[in-house]
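A.B. asks: got a predicted model here, sequence first, then my questions.
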Amino acid sequence: MRFAPTPDQLELAGAVRELLADACPPEVVRAAWGPEGDTGRTALWRQLADLGLLGAMVPEDVGGLGLTEVDLVPLFVEVGRAAVPLPVAETVAVLAPVLAGVGSTDLAGLVAGDLVGTAELAGSGILPWAGCSDRALVRSGAELRLVDLTGVDLAPVVTVDGSRAAARTPSVAGTSVTADPAELERAWLRGALAAAAQLVGLAHRQLDLAVAHTRERKQFGVPVGSQQAVKHLLANVLLDLRFCVPVVQRAAVSLASGAPEARAHVAAAKAMTSEMAGRTARSTIQAHGAIGYTVEYDLHLYVKRSWALAASWGDVAHHRAVVADSLGLPPAVDPSALPWEAAR
């Protein structure tokens, strides 16, 4: 089976990369950390809507593009590469498809960019992007509920990635959307896959920064990157990254086709990319030297987003347990912690 993106998928991803290069430079990501966190974000959200990205997984007959998980992987790689300070994955991969399935009246607003949506299905009590979202899809017991965040008093939570504007999940009851365990799991898997794809893009961006820095930075009259130890350090980052790419693509193919192995394949992709993210962050910071730790330099914007995503949509321990369970091995962590497992 061929997992490589098709020319059409690459063309759409190229359009997204071109848009984000212009509309989401590091200055926009950095501004999202500050008190004026909406600087540039509203316009960017509208541009993503105009491109059709927000309705990518919504059927064409209700105003979307009708794309599949396979089509979206290259797009989420670009979203990660730019560290877009908006809940693109939560809206595109989770909230919009779920609302399309139940005929929600909020769907049109999401697709048009009039509403911003986020999602939190693990029951962690921390809602990412709450500070810049109008709607939230949250898990309550064994069902998904849609919460209107308009006018809700939020309790902000300080997290490693300040651009994600996280808050405590509000206690507002919201409206029941679905209690179907299969739909709940599928939404979870789409979110995990989107996170894995973003981690690939984030790793690419960190590696690009490290390569550029080590080419320009000179010590003892020669570029730092000319030293064999530095070459090997960054070559290993690229090798690590390229091992992850086909695993993510395989997970997308499995999920899009409804394969019984989709659960394990998505878990493998999320576990591998999360581990890769940690190694990439360490190596690229090391390649930069002391400047890699400073908030004035852009590297931390991408490192901290990768740390946040590695811990989101199931951490390494959870997804390794899912893979172990699929192989009939005793897991180190009980994979039944999520609600849809109890209904199996």
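C.D. replies: Perfect, I can see it now.
A.B. asks: how close does residue 232 sit to residue 211?
C.D. replies: Here residue 232 is placed at a distance of 13 Å from residue 211 (CB to CB, to the nearest Å). Quick note: C-beta positions are derived from backbone N, CA and C, even for glycine.
A.B. asks: between those two, which one's more packed in?
C.D. replies: Remark: of residue 232 and residue 211, residue 211 carries more neighbours, 18 against 10, as counted by other CB atoms under 10 Å.
A.B. asks: tell me which element that one falls in.
C.D. replies: helix 181-216 (DSSP states H and E).
A.B. asks: that helix: which residues count as buried?
C.D. replies: Across helix 181-216, burial judged by 16 or more other CB atoms under 10 Å covers 181, 183-207, 209-211, 213-214.
A.B. asks: helices of this protein, start to end?
C.D. replies: In the chain, the segments counted as helices under DSSP state H are 7-23, 26-31, 41-51, 69-81, 88-89, 96-102, 107-112, 181-216, 228-257, 262-288, 299-310, 316-326, 339-342.
A.B. asks: show me what the first one is packed against.
C.D. replies: Going back to what we said before, that points to helix 7-23. Under the contact criterion of 3 or more CB pairs under 8 Å, 6 or more residues apart in numbering; DSSP states H and E, helix 7-23 touches helix 41-51, helix 69-81.
A.B. asks: just name the shakiest helix or strand of the protein by mean pLDDT.
C.D. replies: Ranked by mean pLDDT, DSSP states H and E, the weakest helix or strand in the chain is helix 339-342, scoring a mean of 49.
A.B. asks: verify the stated contact: residue 303 with residue 281.
C.D. replies: Yes: judged on CB atoms under 8 Å, residue 303 makes contact with residue 281 at a distance of 4.5 Å.
A.B. asks: more crowded one of the two?
C.D. replies: With neighbours defined as other CB under 10 Å, residue 303 and residue 281 compare such that residue 303 has more, 26 against 23.
A.B. asks: buried set for stretch 24-43?
C.D. replies: For stretch 24-43, the neighbour count (16+ other CB under 10 Å) marks 24, 26, 28-33, 37, 40-41 as buried.
A.B. asks: gap between the two ends of stretch 63-74?
C.D. replies: Start-to-end span of stretch 63-74 (CA to CA, to the nearest Å) is 22 Å.
A.B. asks: with stretch 132-148 instead?
C.D. replies: End-to-end distance for stretch 132-148: 12 Å, by CA to CA.
A.B. asks: now stretch 164-172
C.D. replies: Distance between the boundary residues of stretch 164-172 (CA to CA) amounts to 21 Å.
A.B. asks: contact partners of that stretch?
C.D. replies: Outside stretch 164-172, the residues that touch it by CB atoms under 8 Å, 6 or more residues apart in numbering are 32, 37, 85, 120, 124-132, 136, 138, 147-149, 152-157, 159, 305, 308.
A.B. asks: report pLDDT for residue 2.
C.D. replies: pLDDT for residue 2: 68.
A.B. asks: roughly how far does the residue nearest the centre of the chain sit from residue 328?
C.D. replies: Centroid-nearest residue in the chain: residue 195, 3.1 Å away (criterion: CA atoms, centre = their mean). Using CB to CB, we find residue 195 at a distance of 26 Å from residue 328.
A.B. asks: same deal with residue 262?
C.D. replies: Distance of residue 262 to residue 328, computed by CB to CB: 18 Å.
A.B. asks: neighbour count: these two, which is higher?
C.D. replies: More neighbours surround residue 262 than the other of residue 262 and residue 328, with 22 against 6 (other CB under 10 Å).
A.B. asks: my read: the more buried one touches residue 255, true?
C.D. replies: Yes: counting by CB under 8 Å, residue 262 touches residue 255, with 4.5 Å between them.
A.B. asks: what lies in contact with stretch 222-241?
C.D. replies: By CB under 8 Å, 6+ apart, stretch 222-241 touches 200, 203-204, 206-207, 210-211, 213-218, 276, 279-280, 283-284, 286-287, 289.
A.B. asks: try it again with 6 Å
C.D. replies: Contacts with stretch 222-241, where a contact means CB atoms under 6 Å, 6 or more residues apart in numbering, come from 203, 207, 210, 214-215, 217, 276, 279-280, 283, 287.
A.B. asks: flag whichever of the residues you listed scores worst on pLDDT.
C.D. replies: Lowest pLDDT within these is found at residue 217 (86).
A.B. asks: that one: what's it in contact with?
C.D. replies: Neighbouring residues of residue 217 by CB under 6 Å, 6+ apart: residue 224.
A.B. asks: on that earlier part again, what helices or strands is the helix holding residue 211 leaning on?
C.D. replies: helix 69-81, helix 228-257, helix 262-288, helix 299-310, helix 339-342 (3 or more CB pairs under 6 Å, 6 or more residues apart in numbering; DSSP states H and E).
A.B. asks: quick check: the two most widely separated of the buried residues of stretch 24-43?
C.D. replies: 26 and 37 (15.0 Å; CB to CB).
A.B. asks: go ahead and confirm residue 54 touches residue 108.
C.D. replies: No: the criterion here is CB atoms under 6 Å, and residue 54 misses it with residue 108 at 10.8 Å.
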